[in-house]
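In: Sequence first, then the predicted structure:
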Amino acid sequence: MKFNDALQWFGAVFIMIGHLLNTLGVEYHYDVLNIGAFAIGTLAFLAWTIRVSNKPQMTVNIVALIFMAFGLVKFFA
């Protein structure tokens, strides 16, 4: 498996974990864990977009990370 493919799959797995935790978070309060999982997945996808020069997806990932940072600040404030 090529590194770029592995990077995408790593990101995809963590995005799916984030969605799972988001679903469970309503009952179990996994807010920080789902944001963390989404952040790891998004960082992996951001690294991939830099490697393949996919500027639109790079922009989406940067904006998503900014929103997640605001979510973490709001959670801990």
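Out: Good, I have the coordinates. Numbering: from 1, shown residues only.
In: What separation is there between the nearest residue in space to Leu65 that is not next to it in sequence and Thr59?
Out: Nearest residue to Leu65, sequence neighbours excluded (CB to CB, 6 or more residues apart in numbering): Thr42, at 5.6 Å. Using the backbone N, CA and C atoms, a C-beta is placed for each residue, glycine as well. Between Thr42 and Thr59 the distance is 12 Å, computed by CB to CB, to the nearest Å.
In: out of those two, which sits in the more crowded spot?
Out: With neighbours defined as other CB atoms under 10 Å, Thr42 and Thr59 compare such that Thr42 has more, 22 against 11.
In: if we can go back for a sec, the residue nearest to Leu65 is in what secondary structure piece?
Out: Assessed by DSSP states H and E, Thr42 sits inside helix 31-52.
In: Tell me how far that helix lies from the chain's centre.
Out: 3 Å (CA atoms, centre = their mean, to the nearest Å).
In: Output the contacting helices and strands for it.
Out: Helices and strands touching helix 31-52, as assessed by 3 or more CB pairs under 8 Å, 6 or more residues apart in numbering; DSSP states H and E, comprise helix 3-28, helix 55-76.
In: Select, out of those helices, the one closest to Trp48.
Out: Distances from Trp48 to each of the helices and strands packed on helix 31-52 were compared using CB to CB; the shortest belongs to helix 3-28, at 4.6 Å.
In: Any buried residues in that closest one, and which?
Out: Of the residues in helix 3-28, 7-8, 10-11, 14-15, 17-18, 21-22, 25 count as buried by neighbour count, 16 or more other CB atoms under 10 Å.
In: Could you work out the most separated pair of those?
Out: Every pair of the buried residues of helix 3-28 checked by CB to CB; the farthest is Leu7 and Gly25, at 26.3 Å.
In: Report pLDDT for Gly25.
Out: pLDDT, Gly25: 74.
In: my guess is it contacts Asp31, does it?
Out: Yes: with contact defined as CB atoms under 8 Å, Gly25 reaches Asp31; the gap is 5.6 Å.
In: quick one, phi/psi of Ser53?
Out: phi 60, psi 50 (degrees, to the nearest 10).
In: That one and Phe38, how far apart?
Out: Where Phe38 is concerned, Ser53 sits at a distance of 23 Å (CB to CB).
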